[in-house]
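# need a structure here:
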Amino acid sequence: MHDSRKEAPRLTDDVPLFRDPHRRWDPLRGDWVLVSPGRAGRPWLGEREPASGAPATPASDPDCYLCPGNARAGGERNPPYEGPFVFTNDFAALRPGTPDERWEGGGGLFRAEGERGTCRVVCYSPRHDLHLAGMGRDEVRRIVDVWADQSDELGRDWPWVQVFENRGEAMGASNPHPHGQVWAVGSIPPEAAREDATQRAHLAATGRRLLEDVARLEAGGPRVVEASDEWLVIVPFWAVWPFETLILPRGRVATLGELAPNARDDLAATLIRLVRRYDGLFGAAFPYSMGWHGAPTGPDVDAAVTDAWQLHGHVYPPLLRSATVRKFMVGYELLAGPQRDLLPEEAAERLRAVDPA
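Numbers count the residues shown, from 1 in each chain. Predicted coordinates for the structure are as follows:
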């Protein structure tokens, strides 16, 4: 058993190894990440994202299928909602009635099976022009409550509930209206399965939750972006995306539904500050994919699973060095493994330098 009195030394930004190409271990996914300092300054003649300066977004858009009172793409009409509004996706990627069938071919080399689930859309606000960075804490708190309620409701029947948001065209958002999604699925997806295995292994080896240890070691360190009584936001030591962040609760909590009222209030304020830092970094609305990972759910989940899990949020923004130059996962990343050009310590320092007020 690990001796909890012997803590690993906190890594700092002055480790000589970090000045040269090196690889870093990701204990959450159980994999390595190649880090190549200095490449972010190389000449760039490739594709650029559209520059900011588009016309101002209206508070309500009669052509938007997510605005209150408007007809959606599937023909249904939205009610005149005044707060967060949830509905089943008209073009869902998963359906609860999918037949439970299996198929094999090639002597078992090729396999397929039906996957059941459901997909919901969460409109954050009736305002077409508002996003997390422009909302008040009470407004974002209501969104946090919806995330928690949806996770609890769907988690009674489904093994995995994925809460997420895609912001911006660069991350595939099909509509600029502020919204996220909640998918529930009948099996544990690959990313969740990896995190389940690593967190269970860490608990078995140490008696502690993996991400509780990460939060303890990172507190006050060079990769911290936001720190409050209830939450810690870091650029993880093993980050793949240039300005990737990991949102960690200070207390022990396995799911969104377990968050206490004060933790929900604090999370709302933390999210506003974080997104404002992103937007202020390059002076443009920062695209990202953000999502929450909590303990697997469903009627068959047991305490052995829940005990190992610590709730956490991932934020994956693609921009690299300006509002128009993004990180592409191509070449080496697709064929060999993840690689980043900007040191996580430098990314955190740049985010901390942005005034989130």
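# Walking through the stretch 1-150 of the chain, point out its strands one by one.
22-26, 31-35, 85-88, 102-105, 110-113, 117-123 (DSSP state E, counting those that start in this stretch).
# Could you count how many residues lie near P236?
22 (other CB atoms under 10 Å). Quick note: C-beta positions are derived from backbone N, CA and C, even for glycine.
# doesn't G221 make contact with it?
No. P236 is not in contact with G221 according to CB atoms under 8 Å; the separation is 11.4 Å.
# Skipping its backbone neighbours, what lies nearest R23 in space?
What sits nearest to R23 in space, not counting adjacent residues and going by CB to CB, 6 or more residues apart in numbering, is W32, at 4.7 Å.
# swap that for Y332, please
Among residues not flanking Y332 along the chain, Q339 sits closest, at 5.6 Å (CB to CB, 6+ apart).
# residue contacts, the one you found?
By CB atoms under 8 Å, 6 or more residues apart in numbering, the contact set of Q339 is V33, L34, V35, S36, V240, Y332, E333.
# For the buried ones among these, write the corresponding PyMOL selection.
Buried members of the contacts of Q339, identified by 16 or more other CB atoms under 10 Å, are gathered into one PyMOL selection as follows:
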select buried, resi 33+34+35+36+240
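# mind giving me CSV with the contacts of Q339 and columns for pLDDT and distance to P79?
Converted to CSV, these look like this (pLDDT from 0 to 100; distance: CB to CB, whole Å):
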residue, pLDDT, distance to P79
V33, 96, 45
L34, 95, 50
V35, 95, 49
S36, 91, 51
V240, 97, 40
Y332, 91, 49
E333, 91, 44
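# doesn't W292 fall inside a strand?
Yes. Using DSSP: H, G, I helix; E, B strand; the rest coil, the assignment for W292 is a strand.
# three-state assignment of the closest residue to it other than its chain neighbours?
Ranked by CB to CB, 6+ apart and with sequence neighbours excluded, the top spatial neighbour of W292 is V163, at 4.5 Å. The three-state label given to V163 by three-state DSSP is strand.
# What separation is there between V163 and F286?
Look at V163 and F286: by CB to CB, to the nearest Å, they are 19 Å apart.
# rewinding a little: please work out which of the strands of the stretch 1-150 of the chain is packed deepest.
Among those, strand 117-123 has the highest mean neighbour count (mean count of other CB atoms under 10 Å), at a mean of 20.
# In the protein, spot the helix with the most residues.
The helix that spans the most residues within the chain, counting by DSSP state H, is helix 261-282.
# Buried residues, that helix. List them.
Neighbour count says helix 261-282 has 263-282 buried, by 16+ other CB under 10 Å.
# what does stretch 217-224 give?
Here stretch 217-224 shows E218, G221, P222, R223, V224 as buried, counting by 16+ other CB under 10 Å.
# Among those residues, which ones are in helices?
Mapping the buried residues of stretch 217-224 onto helices (DSSP H) picks out E218.
# Quick one: the buried residues of stretch 217-224 as a markdown table, columns for distance to S125 and pLDDT too.
A markdown table is the format used below for the buried residues of stretch 217-224 (distance: CB to CB, whole Å; pLDDT from 0 to 100):
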| residue | distance to S125 | pLDDT |
| --- | --- | --- |
| E218 | 32 | 97 |
| G221 | 35 | 96 |
| P222 | 35 | 96 |
| R223 | 32 | 97 |
| V224 | 29 | 98 |
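# Max pairwise distance over the buried residues of stretch 217-224: which two?
Comparing every pair within the buried residues of stretch 217-224 by CB to CB identifies E218 and P222 as the most remote, at 9.0 Å.
# ok, the residue lying closest to V253 once chain neighbours are set aside - contacts?
Computed as CB to CB, 6+ apart, the closest residue to V253 that is not its neighbour in sequence is L311, at 4.9 Å. L311 sits next to P249, V253, A254, T255, L256, E258, L259, W292, H293, G294, A295 when contact means CB under 8 Å, 6+ apart.
# The residue nearest to R23 touches A336, doesn't it?
No. Checked against CB under 8 Å, the pair W32 and A336 is beyond contact range at 10.4 Å.
# wait, which of the contacts of L311 is closest to A304?
A295 (10.6 Å).
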